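Chemist: take this sequence and fold it.
(chains A and B)
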2 protein chains.
Amino acid sequence: MFGNPYYAEKISDALENIQLPESPNNLYEPIHYILSLSGKRIRPQLVFMGASLFGYKDWGKVLPASIAIEYFHNFSLMHDDIMDKAPLRRGKQTVHQKWNENVAILSGDALLVKSYEELSKCPAFAVSELLKTFNRVALEVCEGQQHDMDFELRNDVSESEYINMIRLKTSVLLGGALELGAIIAGANAENRQKLYDFGVNLGIAFQLQDDILDTFGNPETFGKQVGGDIIVNKKTILHILLKKSLSIEDQIEFDKILALSEENAEEKVSRMKILYQKYKIFDLANTLKNGYSSKSLDSLNAIDILEENKQDLVILSNNLLNRNK
Amino acid sequence: MFGNPYYAEKISDALENIQLPESPNNLYEPIHYILSLSGKRIRPQLVFMGASLFGYKDWGKVLPASIAIEYFHNFSLMHDDIMDKAPLRRGKQTVHQKWNENVAILSGDALLVKSYEELSKCPAFAVSELLKTFNRVALEVCEGQQHDMDFELRNDVSESEYINMIRLKTSVLLGGALELGAIIAGANAENRQKLYDFGVNLGIAFQLQDDILDTFGNPETFGKQVGGDIIVNKKTILHILLKKSLSIEDQIEFDKILALSEENAEEKVSRMKILYQKYKIFDLANTLKNGYSSKSLDSLNAIDILEENKQDLVILSNNLLNRNK
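Modeler: Next up, the predicted model:
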C-alpha cells in the first residue's frame, strides 16, 4: 500500500462497500469496474493528509471529500481514455473498450455527479467552500485535458505552455485534494494556499519526473518499456527542451528520428538519446524538476504548524519523487 | 417568448453576458455555441416560478440556480447528441458535428461543472439542500438516458418501463427546477414535494403529448413532419400501447410495416395509422396523458399557498399541454 496505510484502508473499505443501484446496469457497472482497477489512491489520501496537517482527526467527516476526489479522478480517466482512444488502463480494458463509448460517456457523467453527491455529505459548515474549490479545480482539469489534446496538433508548444498544461491536467487536483482536507480542518486562507501550492508544485515535479524516467529510467525497475515516449513521438518535456536547443543540422537528424516508424523502435530510442545527451537534456529536465520539488517543499515549510504534523507529507513527497530521503 | 417574459428576460440577459475564459477555445466556444441555440428556457424559468410560488421575489438570489439548471440541461443535450449521433439540434449543427466528439465530451463535462459553479453562488443557507436535490435529479437524468439507449435494443419494453424512462430522462429535471426555487424560498418539505410532483407529472404528460402529436398532430401547425416517429420505428408510447394490444394477424401486419424502408414513408405512416385507429391508440394515449396532467394539477392544488400565486404555473401547464383553457 502506498502512503499512509491507515488512510489507505479507510479509503479502500469505503470504495469496496459503495452501494449503487442495480439498474440501469450499463450505467453503474462501469463505475464499479473502474473503481476496482485500484491505483495508488494518492489523491483521496491527500484529503486526509490535508486535514491531519492541521490536527483534524474526525476521519468520518473527512471521508466523503476524499471519496469525492477519487470519484472525480476516475471520471476523468474514463472520459480521457475515450478521447485518447486508450485500450488499456492499469493493464485492464478501458470502459469504452469493454462496453462502448456511449456507456463510458454516460457512466463518466454519473460518476462526476456522484463526486458532488459525496461533497454534499461533507460537514455542513464546509460544503460551500469545498464546492468552490472543487469546481475551480474540476474546471481546470478539463482545461488541462483540452490543452493536452490541442498540443498534439501543434509543433510549437513552449516549455511554459507545457508546464501549464500538466499543472492544469494533473497537479491542481493534488493541490485541490489537500485543500479540501484543510477546509474541513478549518485552516486559515494563508495556510490553505500554501498547502495547495505544495501539492501543485509536487504534482508538476512528479509529472516531469515521469517524463524523465520514461527515457532515462532503470529498465530493471521502471515497469514499462523505457523509451516508450520516444517511440510514439510524445511531446514530453524532454522533447520540448531538446527541440528549442537544436542546431540546424541536428534539427534535420531530429526530424529523421521522428519519422522513423515504431518498427525501428530500438534505433529510434538510441538515436534520440544521443541527441538528448549532446544537449544535456537530462540535466535540464532534472534541474527543472528539482526547482518545482524545492518550491513545493518551501511552501510546506512555510505553513505555520508543528513540524511533526508535516511528516506524512514529507514522506509522501519523497516517495513520489523517488528519493531515498 | 415562452412563459413569464420577466423571468425569460432575466435568464436570457444572464446567458448572453456569461464570461468564459478565452482559452482553451475548444473547451469554451462550444459552451457559448450551445447556449446560443436558445430553446424556450422553460427549465430555468421553473426555478423562478418555484420561488415565486412561495412569495419569494429576490430574483438576484434565484438567478444562479436557474442558470445552473439551464447549464445542466445543455450539458445533457451535448452528450445525448453524441450518443444519439444527432447531426442537428434546433436546426443547427450539434457540437460533436461542428467540432468533434472529443470536444463535445469535454465541453459537456466543463458545462456540468459550471452548473455546480452556479449552485455554489446560491444563498449560503440553501447551498447544501440545493446540491442534494440537484445531484439526485442529475443522476436520475443519466439513468433515464441509459434506459432510453437500452430500450432501443429491446422489443419488450412495457408501458410502465417507458413511463419510468421518460420520467427520469426529462421530467425529474422539471420537478427539480421547481424544487430548487422552493428551497431558495424556504418552502417546507411537504410543499416542496408537492411542487416537485406537479413538475414531474406535467413533464410526463408533456412527453406523452409529444409522442401523440408526432403522429396525430395537425400538419399545418405541427412544425415537423407528422409521422416522423413511425418512419424511424421509434418506440413511442403509441408503439408500445399498440404492440401489446395486437391480434396475431395484426402482429404480422405490424412487423411488415416496421420492415418498410424510409423510402415508403407515406405508405408506412398511413398503414400504421390504420392500426392505431383500429386499436384506439389515440384515445388510450390521450387518456394516459390526461391522467398525468390531472395528477399534476392535483399536486399543485394541494400546495398550501394563495391560489393567485399559482397562476404562472397554471398558465405554463396549459401552454405546455396545448390547452386553450
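Chemist: need the contact list for the closest residue to A:L180 other than its chain neighbours.
Modeler: Distances taken as Cβ to Cβ, 6 or more residues apart in numbering or on different chains place A:A65 nearest to A:L180, at 4.5 Å, with adjacent residues excluded. Any C-beta I mention is one placed from the backbone N, CA and C, and that applies to glycine too. Residues in contact with A:A65 (Cβ atoms under 8 Å, 6 or more residues apart in numbering or on different chains) are A:47, A:118-119, A:122, A:130, A:180-181, A:184.
Chemist: repeat that for 7 Å
Modeler: Counting by Cβ atoms under 7 Å, 6 or more residues apart in numbering or on different chains, A:A65 makes contact with A:47, A:118-119, A:122, A:130, A:180, A:184.
Chemist: same thing with A:N4?
Modeler: Contacts of A:N4 (Cβ under 7 Å, 6+ apart): A:45, A:49, A:312.
Chemist: how about A:T221, secondary structure?
Modeler: coil (DSSP: H, G, I helix; E, B strand; the rest coil).
Chemist: any idea how many residues pack against A:H32?
Modeler: 13 (other Cβ atoms under 10 Å in any protein chain shown).
Chemist: near chain B, which residues of chain A?
Modeler: A:24, A:26-27, A:79, A:82-83, A:102, A:105-106, A:109-110, A:112-113, A:116-117, A:120, A:124, A:127-128, A:131-132, A:135, A:138-139, A:142-143, A:145-147, A:149-150 (Cβ under 7 Å from any Cβ of the partner chain).
Chemist: and those residues, which are buried?
Modeler: A:24, A:26-27, A:79, A:82-83, A:102, A:105-106, A:109-110, A:112-113, A:116-117, A:120, A:127-128, A:131-132, A:135, A:138-139, A:142-143, A:145-147, A:149-150 (16 or more other Cβ atoms under 10 Å in any protein chain shown).
Chemist: give me the most central residue, chain A.
Modeler: A:T170 (3.8 Å; Cα atoms, centre = their mean).
Chemist: now do the contacts for that one.
Modeler: A:203, A:207 are the contacts of A:T170 under Cβ under 7 Å, 6+ apart.
Chemist: again, 8 Å this time
Modeler: A:141, A:144, A:203, A:207.
Chemist: all strands for the stretch 51-200 of chain A, in order.
Modeler: Taking DSSP state E, counting those that start in this stretch to define them, one finds strands in the stretch 51-200 of chain A at A:88-89, A:92-93.
Chemist: lowest average pLDDT across those?
Modeler: Looking at the strands of the stretch 51-200 of chain A, the lowest mean pLDDT belongs to strand A:88-89 (a mean of 91).
Chemist: for it, packing partners?
Modeler: The helices and strands touching strand A:88-89, judged by 3 or more Cβ pairs under 8 Å, 6 or more residues apart in numbering or on different chains; DSSP states H and E, number zero.
Chemist: paired strands for that strand, with orientation please.
Modeler: Sheet pairing here is set by DSSP bridges, and for strand A:88-89 it gives strand A:92-93 (antiparallel).
Chemist: so what touches the partner strand?
Modeler: Residues from elsewhere that reach strand A:92-93 (Cβ under 8 Å, 6+ apart): A:37, A:87.
Chemist: how far off centre is it?
Modeler: Centroid displacement of strand A:92-93 relative to its chain, using Cα atoms, centre = their mean, to the nearest Å, is 19 Å.
Chemist: in contact with A:K235: list those residues for me.
Modeler: Applying Cβ under 8 Å, 6+ apart, the residues near A:K235 are A:151-152, A:157, A:162.
Chemist: repeat that for 10 Å
Modeler: A:148, A:151-152, A:154-155, A:157, A:162, A:165, A:211, A:229, A:243 (Cβ atoms under 10 Å, 6 or more residues apart in numbering or on different chains).
Chemist: state whether it is indeed within a strand.
Modeler: No: secondary structure of A:K235 (three-state DSSP): coil, not part of a strand.
Chemist: where exactly do the helices run in the stretch 101-250 of chain A?
Modeler: A:101-119, A:124-152, A:159-166, A:172-184, A:189-216, A:228-231, A:237-245, A:248-259 (DSSP state H, counting those that start in this stretch).
Chemist: now for the longest one, which elements pack on it?
Modeler: Read that as helix A:124-152. Helices and strands touching helix A:124-152, by 3 or more Cβ pairs under 10 Å, 6 or more residues apart in numbering or on different chains; DSSP states H and E, are helix A:59-83, helix A:101-119, helix A:159-166, helix A:172-184, helix A:189-216, helix B:25-36, helix B:101-119, helix B:124-152.
Chemist: relative to A:L37, which of those helices is closest?
Modeler: Comparing those against A:L37 with Cβ to Cβ, the closest turns out to be helix A:59-83 (8.5 Å).
Chemist: so that closest one versus helix B:59-83, what angle?
Modeler: Here the directions of helix A:59-83 and helix B:59-83 differ by 40 degrees (axes from the mean of the first three to the mean of the last three Cα atoms, to 10 degrees).
Chemist: and helix A:59-83, which residues are buried?
Modeler: Buried, per 16+ other Cβ under 10 Å, within helix A:59-83: A:61-83.
Chemist: how far away from the center of its chain is it?
Modeler: Using Cα atoms, centre = their mean, the offset of helix A:59-83 from its chain centre is 12 Å.
Chemist: again with stretch A:99-116
Modeler: With Cα atoms, centre = their mean, you get 20 Å for stretch A:99-116.
Chemist: before we move on, back to that, and of the contacts of A:A65, the nearest to A:S317?
Modeler: Nearest to A:S317 out of those is A:V47 (Cβ to Cβ; 16.2 Å).
Chemist: what's the distance between that closest one and chain B?
Modeler: 18 Å (Cβ to the nearest Cβ, to the nearest Å).
Chemist: quick one: list the elements packing against the strand or helix carrying that residue.
Modeler: In the assignment (DSSP states H and E), A:V47 maps to helix A:42-53. The contact analysis (3+ Cβ pairs under 10 Å, 6+ apart) places helix A:42-53 against helix A:5-16, helix A:59-83, helix A:172-184, helix A:189-216, helix A:311-320.
Chemist: let me know which of those helices is tucked in deepest.
Modeler: Among the helices and strands packed on helix A:42-53, ranked by average contacts under mean count of other Cβ atoms under 10 Å in any protein chain shown, first place goes to helix A:172-184 (a mean of 28).
Chemist: stretch A:216-223: which residues count as buried?
Modeler: A:216-217.
Chemist: show residues contacting that stretch.
Modeler: Contacts for stretch A:216-223 (Cβ under 10 Å, 6+ apart): A:209-210, A:213-214, A:224-228, A:238, A:273, A:276, A:281-282, A:285-286, A:322.
Chemist: same question, stretch A:280-295
Modeler: By Cβ under 10 Å, 6+ apart, stretch A:280-295 touches A:159, A:163, A:167, A:171, A:197-198, A:200-212, A:215-216, A:236-243, A:245, A:272-273, A:275-277, A:317-318, A:320-321, A:323.
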